[in-house]
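Undergrad: from the sequence below, what's the structure:
(one chain, ligands or ions: 1)
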Amino acid sequence: MIESTLSELESRAAASIDAAATPDSLETARVEFLGRKGALASIGKDMGKLPPEQRAVVGKMLNAVKQSLESQFDSKKAAFDKAALDSRLAAEWLDVTRPAPGVRPGSLHPLTLIQRELEDYFTSLGFAVVDGPEVETEWHNFDALNIPATHPARDAQDTFWVEGGHVLRTHTSPVQVRAMEKFGAPLRIIAPGRVFRNEEVDASHEHTFYQLEGMMIDRDVSIAHMLYFMKGLLEAIFSREVTVRLRPGFFPFVEPGFELDIQCLICGGPGCPVCKQSGWVELLPCGLVHPNVLRAGGIDPDQWNGFAFGLGLTRLVMMRYAIDDIRHLASGDLRFLRQF
Ligand code: DAH
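TA: Got it, this is the predicted structure:
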């Protein structure tokens, strides 16, 4: 009877395996018949009660049934695995003939854009674009610009001192002196570049920022000449009316000196973090070159005079593009940079 139970079990198991429509129902059938607590296992346990001769016969039969069911299970499982793989491959089909996405074109940094526009504007007026070192001598950065060691104006431009008495230049003005030394008078130059200050960083201050210095030396240069160039510069950049105001301003390297402010283009006047709630942004300090500076550059102040200005390039960029935090500029964040 145990033999007939076994063969009846075999056909039931074979039918279950055959009928399994999903991997899950196949596994359920496996557990039911072939599992550790399954039907075959419990017959195996009962075998101990059989007389030895019968035990050998039933044992053989049990093994044969087990092997046959296992192989049926394995081939059905393999069929399910293959079907799963086939459908996955079909879904993940890749068109290798599609064109590759390619390299995304870059864009120019807003500082570069505006620097180039200003270079175009000034070269069209006969100015040369010149350059100077970022690690500067104390003499070029301060003394030659009429700022002796004891002068309080040095405190306003706290900087980073480098071994050997050099400084990271605090402004682009030392390029004025280098240009005078190199080219003499008459002279028309601009000098865009990076400058450094020991600043507490916030929405409108960075330790590293950009300026554009300008200088014109000729005979009988007046404030009217200076204003002509300053206005032209602002019109070229904003291509719209900007409200400006001129106030006296002190810089040791000019006399008289001025602050040319523009009305804040971010808030339009009422006040915001960029204009420090004042409605105005200092953008264009300028003046007539101090005779001591001409002398330091090897130019005779009795023969020549000129004007100079130090445009805050970083501020100008922020104004034109309505950028409300200076830290965006050096963030390297492509979401910011791709807008230009
Ligand atoms: N170098 C000055 C600064 O960084 C700006 C400046 C003022 C430059 C007046 C000039 C000038 O050429 O005439 O604060």
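Undergrad: check which helix or strand Ala179 maps to.
TA: Here Ala179 sits within helix 174-183, counting by DSSP states H and E.
Undergrad: near the ligand at all, that helix?
TA: No. For helix 174-183 and the ligand, the contact criterion (CB under 6 Å from any ligand atom) is not met; the two come no nearer than 6.5 Å. C-beta here means a position set from N, CA and C on the backbone, and glycine is covered the same way.
Undergrad: quick thing: my sequence starts at 450, can you match it?
TA: With the count now opening at 450, the last piece we talked about shows up as helix 623-632.
Undergrad: the next helix or strand after that helix: which residues count as buried?
TA: Note on helix 623-632: by DSSP H and E, the next helix or strand toward the C-terminus is strand 636-645. Judged by neighbour count (16 or more other CB atoms under 10 Å), strand 636-645 contains these buried residues: Leu636, Arg637, Ile638, Ile639, Ala640, Pro641, Gly642, Val644, Phe645.
Undergrad: and the residue of the chain nearest the ligand?
TA: Gly759 (2.4 Å; CB to the nearest ligand atom).
Undergrad: what about that residue, neighbour count?
TA: If you count neighbours by other CB atoms under 10 Å, Gly759 ends up with 23.
Undergrad: show me the contacts for it.
TA: Neighbour list for Gly759: His620, Thr621, Ser622, Gln660, Leu661, Glu662, Gly663, Leu733, Pro734, Cys735 [criterion: CB atoms under 8 Å, 6 or more residues apart in numbering].
Undergrad: tell me, how many residues neighbour the second one?
TA: Put plainly, it is Thr621. 26.
Undergrad: quick revisit: dump the buried residues of strand 636-645 to TSV, plus distance to the ligand and pLDDT.
TA: TSV is the format used below for the buried residues of strand 636-645 (distance: CB to the nearest ligand atom, whole Å; pLDDT from 0 to 100):
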residue	distance to the ligand	pLDDT
Leu636	13	98
Arg637	14	98
Ile638	11	98
Ile639	11	98
Ala640	10	98
Pro641	13	98
Gly642	11	97
Val644	7	96
Phe645	11	95
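Undergrad: what's the farthest-apart pair in those residues?
TA: Pairwise distances across the buried residues of strand 636-645 peak at 26.5 Å for Arg637 and Phe645 (criterion: CB to CB).
Undergrad: can you map out the strands along the stretch 450-599 of the chain?
TA: Counting by DSSP state E, counting those that start in this stretch, one finds strands in the stretch 450-599 of the chain at the ranges 577-578, 584-586.
Undergrad: next one: the stretch 650-789 of the chain
TA: Under the criterion DSSP E, counting those that start in this stretch, the stretch 650-789 of the chain carries strands at the ranges 657-667, 693-697, 703-712, 729-738, 754-761.
Undergrad: which residues touch Val507?
TA: Taking CB under 8 Å, 6+ apart, we find Val507 in contact with Ile451, Glu452, Leu455, Met496, Leu499.
Undergrad: ok, Pro734 next?
TA: For Pro734, the contact set (CB under 8 Å, 6+ apart) comprises Gly698, Phe700, Gly706, Phe707, Glu708, Leu709, Phe758, Gly759.
Undergrad: mind checking pLDDT for Glu502?
TA: On pLDDT, Glu502 comes in at 84.
Undergrad: which residues are in contact with it?
TA: Applying CB under 8 Å, 6+ apart to Glu502 gives no contacts.
Undergrad: which among the contacts of Val507 count as buried?
TA: Counted by 16+ other CB under 10 Å, those give Ile451, Leu455 as buried.
Undergrad: show me where the stretch 450-599 of the chain has its helices.
TA: For the stretch 450-599 of the chain, the helices defined by DSSP state H, counting those that start in this stretch cover 451-468, 472-483, 488-495, 501-540, 559-573, 587-590.
Undergrad: and for Ala532, the neighbour number?
TA: Neighbours around Ala532, by other CB under 10 Å: 11.
Undergrad: distance between the helix or strand of the chain at the bottom of the mean pLDDT ranking and the chain's centre?
TA: None of the helices or strands of the chain scores lower by mean pLDDT, DSSP states H and E than helix 488-495, at a mean of 83. Remark: helix 488-495 is offset 70 Å from the chain centroid, using CA atoms, centre = their mean, to the nearest Å.
Undergrad: residues in contact with it: which ones?
TA: Contacts to helix 488-495, defined as CB under 8 Å, 6+ apart, come from residues 451, 454-455, 458, 462, 481-484, 511, 514-515, 518.
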